Every structure is written in structure tokens, then in C-alpha cells.
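S.K.: Could you work out the structure for the sequence below:
(one chain, ligands or ions: 1)
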Amino acid sequence: MTASPPAPSPEPDRTTPSPWVWDVFCRVVDNYGDVGVCWRLARNLLERGQCVRLFIDQAQALAWMADPADRQHPNLSLHAWGSDIDACGDVVIEAFGAQLPDAAERAMAQAAAAGRRVCWLNLEYLSAEADSKYNHGLESPVSSGPAAGLKKQFFYPGFVRGTGGLLRDSATTASAQTKPELPWPPTSMALFSYDSPTLALLINQAHTMGMHICVAAGRTTAHVQALADAQAIATDNITLQPHCSQQQFDAWLAAQDFLVVRGEDSLTRAIWSGKPFLWHIYPQDDGVHRIKLNAFLDWMQAPLAMQHAFKTLNGTRSLRDDALLFPANRDEWQQWTSCVRAARDKLLAQNDLVTRLLLHVHKTLS
Ligand code: TRH
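M.R.: Take a look at the predicted model:
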């Protein structure tokens, strides 16, 4: 996919309430989450009748992640990072602290000088830590660069009221109302993880339980292949899933009985699925992912066996001989399922992230 400079100012669709132009700035750090979250955000905004201009520094992953029909949406345009813009949108979203290109900051300064209101938000990483709630909505005055003197606000996604919530489109809200009976023992597992010393154990335990293991494309596949080459895992009953669009990825996850997810966007999808899952958190050198993982398990009110499995997979609990990464029996399977569904219900009772964004922007711009 080629990103196309320069960015024209799209005409907002005035037929729907609050149609604003949203400039979403995405810089890819690593993995698929930066682009995955921005792409899902863009799709959710389009569903709500908004206009989106997505500025991205590495658009390669969109070649498979973006469904062609979405890419051709009349209210969407894709642009290279640093493209010239003649005017900024009504809302400027700097995803994950991506320092904006000068052209974008200049456009905001010009808008301010012309008396035009613009809502500038820094979309942060998802966390269940209390800080997300305290910091959500805080202002940050900009002291240098072309936008010096302007203010941006922090927008923290989160699991509780008072944060920015979670991305949830209308189809997800509808499907999340269902509570189908899940088979015990589970017959299939979706595997989307980072490298981990416990991955071989996870795969072998899944194999012993009789599960078919479906492996996501990218580094998970590479790691599984390396384990297979080293004869560290049983290799029958493993399928490698090619890269697919975000909709196909969601459907693929939802089709398995047990999910192993990672990062932040697939974690959200696992919760919406209402299925027992394990979360491989994005590991950070300074170890802060431990705190983030514990905060999430607290929020989930996860039963002890589930907590142990999450911590073992993430290496925050030492690996014991009897370590089990799955529910041990039907009762535990039901406990894990009830835990995920109770967490999902708590979230379904709250507004989704885009609704909260729309309310916030409405307050700021009107
Ligand atoms: O890829 P990730 O590990 O992303 C991570 C996290 O976002 C992390 O918090 C961040 O710090 C780091 O990136 C930079 O996992 P995540 O968040 O689940 O994102 C994966 C996205 O990729 C998700 O939107 C689904 C999408 N995807 C597809 O659409 N098709 C595919 O075939 C695959 C494998 C993924």
C-alpha cells in the first residue's frame, strides 16, 4: 500500500450528528498493536459517521490488516507521516505519544491563530492501573515547537468509568450479549503471543488436552517453528494462520475455544469473546509490565488458578514442576468462563471508547 501525500481537508459528512474530521497520527514502534489500535479506532469512527485522515509512518501492515472495503471508505484517507497539510482536522489524535510532525503542529497553530477550536488528544496505552483514571483528561501545555502555547489532553483507555474505555463497535456489542455453552475439554486454541520460555509448555499442555492449536502469523509463528525445529513441542494438530484482515482476525479468535492473546488490542477482543483466555502482556525492560498485569488480574477478579497461569506464562511467577497453564477440570473451566463474562458485563454496562471520545470532543469544541 502506498500512502498518498498531501492530505486534503475532507468535507465532513453533515448528515450525521457531530461529524468531525479526525486526524489520527500513528507511529509504528514494533509489533502490530500501534497500527492495529489506530486502524480499529479509525474503523470505529467511520462507523459513527466521522471523517478520518490516518497519518502513518509504516503502512505495510495495513496491506493485510485493512479490509479493502474499509480502505476505500469515502470518509477515510491514508497519508504518509509528515505529509503537508493545508489545515488540521477538528480533532488531532497523537497515538501513544507519537511526536507529531512539524507540519501538523504548524497547522494547529494556524487554526488557533484563526480562532478555530481544535481538540488535541494524546491517546495512551491501555492499562487497569489506577493512574489511568487519575491521568485521564489531564492537560499538557506544549512549551516548544510550532505548537508552543497550545495544550493537548491525555486520553487513557481503561476498564472503569472515568477512563477512556475500550474500543467496541456495534457488531461486537451485539455479539457480546450471547453466552454460548463452551465445550469441556476445549477443542481448539488460538495462539497469539510473544516469545516466552513457557511457550513449549503451553503448547504441549494444549496438545495433551487434545486441542487443535491455531498459530497467528508473524513472530508467534516464527517462535513456534523454532520450537518445532528444536523438537521441543509436539507438532501434530498445529495450524499456521496466515496474516489476515482485522475482521478475519477477530472472527478467527472468536472461533476458538481457548485464546492466548497479547499486547492490548487482542486482549480487548478476548474479553469481548467471553471465552477463557491467557494474556501475554507486552514485556518491558524495566519490569513495569508486572504491575500492569497484577492490576489487570485484580480488576478481573481472576480466580487463583487463573492468576497463576497468567503469571507463569508471563514469567512473573516461577515455573514449577506442576505448573498448569489451563483450567484443570470442568469446574475450573466454568470459573474461568464466568470470570471473563463477568468482566465483559462490567464493560458492556459502560460506554465504549469512541462514545467517550465523541462526548469529550463535543464538550471541547462546542
Ligand atoms: O501486536 P501486538 O503485540 O501489539 C503491541 C501492543 O499493542 C503493545 O501494547 C504495544 O506496546 C506494542 O504493540 C507496540 O498485539 P495487539 O495489541 O493485540 O495488536 C495486534 C493487532 O494486529 C490487532 O489489531 C489484530 C491485528 N492482526 C490482524 O489484523 N491480522 C493478523 O493476522 C494478526 C496476526 C494481527
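
S.K.: Roughly how far does the closest residue to the ligand within the stretch 201-350 of the chain sit from V92?
M.R.: Nearest residue of the stretch 201-350 of the chain to the ligand, counting by C-beta to the nearest ligand atom: G263, 2.4 Å away. In this view, the C-beta of every residue, glycine as well, is placed from N, C-alpha and C. Between G263 and V92 the distance, using C-beta to C-beta, to the nearest Å, works out to 24 Å.

S.K.: So for those two, which sits in the more crowded spot?
M.R.: Comparing G263 with V92 by other C-beta atoms under 10 Å, the one with more neighbours is V92, at 27 against 22.

S.K.: Make sure that one is actually in contact with A103.
M.R.: No. With contacts defined as C-beta atoms under 8 Å, V92 does not count as touching A103, sitting 11.8 Å away.

S.K.: what's near enough to touch S273?
M.R.: When the contact criterion is C-beta atoms under 8 Å, 6 or more residues apart in numbering, the partners of S273 are 253-254, 259, 340.

S.K.: Let's have those in a markdown table, adding neighbour count and distance to the ligand.
M.R.: Formatted as a markdown table, the entries for those read as follows, by neighbours: other C-beta atoms under 10 Å; distance: C-beta to the nearest ligand atom, whole Å:
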| residue | neighbour count | distance to the ligand |
| --- | --- | --- |
| L253 | 22 | 9 |
| A254 | 17 | 13 |
| L259 | 26 | 11 |
| V340 | 22 | 16 |
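
S.K.: Now intersect the residues you listed with the helices, please.
M.R.: With helices identified by DSSP state H, the entries of these that belong to them are 253-254, 340.

S.K.: What's the local residue count around whatever residue of the chain ends up closest to the ligand?
M.R.: The ligand sits closest to G33 of the chain, with a gap of 1.8 Å, by C-beta to the nearest ligand atom. In terms of burial, G33 registers 20 neighbours under the definition other C-beta under 10 Å.

S.K.: quick one: pLDDT of the closest residue to it other than its chain neighbours?
M.R.: Spatial nearest neighbour of G33, chain neighbours left out: G263 (4.2 Å); criterion: C-beta to C-beta, 6 or more residues apart in numbering. With respect to pLDDT, G263 scores 96.

S.K.: where does this protein come near the ligand, residue by residue?
M.R.: For the chain, the residues in contact with the ligand under the definition C-beta under 6 Å from any ligand atom are 29-34, 36, 40, 65, 125, 216-218, 243-244, 246, 249, 262-266, 282.

S.K.: Drop anything exposed from those residues.
M.R.: Judged by neighbour count, with 16 or more other C-beta atoms under 10 Å as the criterion, the buried members of these are 31-34, 36, 40, 65, 125, 216-217, 244, 246, 249, 262-266, 282.

S.K.: So which residues of this protein form strands?
M.R.: In the chain, strands defined by DSSP state E lie at 21-26, 51-56, 76-80, 91-95, 119-123, 139-141, 151-155, 188-191, 212-215, 238-240, 258-262, 277-280, listed in chain order.

S.K.: Grab the most central residue of this structure for me.
M.R.: Within the chain, the residue whose C-alpha comes closest to the C-alpha centroid is D265; the distance, by C-alpha atoms, centre = their mean, is 2.0 Å.

S.K.: List the contacts of it.
M.R.: When the contact criterion is C-beta under 8 Å, 6+ apart, the partners of D265 are 32-33, 36-37, 40, 167.

S.K.: So which of the residues you listed sit within helices?
M.R.: Among the contacts of D265, the members found in helices (DSSP H) are 33, 36-37, 40.
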